[in-house]
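Trainee: sequence unavailable; structure follows:
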């Protein structure tokens, strides 16, 4: 294999670790969570994410299944001059995620579709994880519970918050809700622009 081809392969494989970390953090999962489902040890997962372990097909297959993505999405071949972002929607916990950016580090953008009443009757236990999130409701209504405060975001409203603050998201309406979301790795102070939910 020519040196140029080797360099290209190394460059592609170098992106796998950050992508695995980003997918895991997006789900709010720990290394132990991933290890428990995939059978890949915590130490191996840690080395993969940090780039100290070269990814193999044997390792990537269970990880792709866990994150509900294709191998192509984990091993992102450079797109050359084509600026379009491939539409590879995935469904997690009833919510459809459509990636709107290629980047695996820094902020990542998604279009999210919440079916009617998704999570409405589920366990509303707030979750906490490292990161930062920005939401803009394109259509429908999204309920955000943040540090005990309950807010209904209508179309045209936005919220941004540090995901280390306990939070819960769901669609409690009878119609679908479409959201534009940007996830960032760095926690920042919360700024919410939404109307508090009216109580009867």
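Mentor: Noted; the coordinates are in hand. Nothing here was measured: the structure is a model prediction, and the numbers come from that model.
Trainee: the helix or strand containing residue 161 pairs with which strands?
Mentor: In this assignment (DSSP states H and E), residue 161 forms part of strand 158-162. Based on DSSP bridges, the pairing partners of strand 158-162 within the sheet are strand 132-139 (antiparallel), strand 191-193 (antiparallel).
Trainee: tell me the mean pLDDT for it?
Mentor: For strand 158-162, mean pLDDT is 93.
Trainee: repeat that for stretch 36-53.
Mentor: 91.
Trainee: stretch 84-98 too?
Mentor: For stretch 84-98, the per-residue pLDDT averages 79.
Trainee: quick one: end-to-end length of it, please.
Mentor: 13 Å (C-alpha to C-alpha, to the nearest Å).
Trainee: so the residue nearest the centre of the chain: helix, strand or coil?
Mentor: Among the residues of the chain, the one closest to the centroid is residue 26, at 3.2 Å (C-alpha atoms, centre = their mean). At residue 26 the chain is in helix, as set by DSSP: H, G, I helix; E, B strand; the rest coil.
Trainee: need the nearest residue in space to it, chain neighbours excluded.
Mentor: residue 183 (5.9 Å; C-beta to C-beta, 6 or more residues apart in numbering). Glycine gets a C-beta too; all of them are placed from N, C-alpha and C.
Trainee: just the pLDDT at that neighbour, thanks.
Mentor: For residue 183, pLDDT reads 82.
Trainee: before we move on, what about residue 78?
Mentor: 53.
Trainee: and the angle for the one helix or strand residue 17 maps to with strand 132-139?
Mentor: With secondary structure defined by DSSP H and E, residue 17 is part of helix 16-27. Going by axes from the mean of the first three to the mean of the last three C-alpha atoms, to 10 degrees, helix 16-27 is angled at 60 degrees with respect to strand 132-139.
Trainee: any idea which helix or strand comes after helix 16-27?
Mentor: helix 31-38.
Trainee: what's the distance between that following helix and the middle of its chain?
Mentor: Remark: helix 31-38 is offset 17 Å from the chain centroid, using C-alpha atoms, centre = their mean, to the nearest Å.
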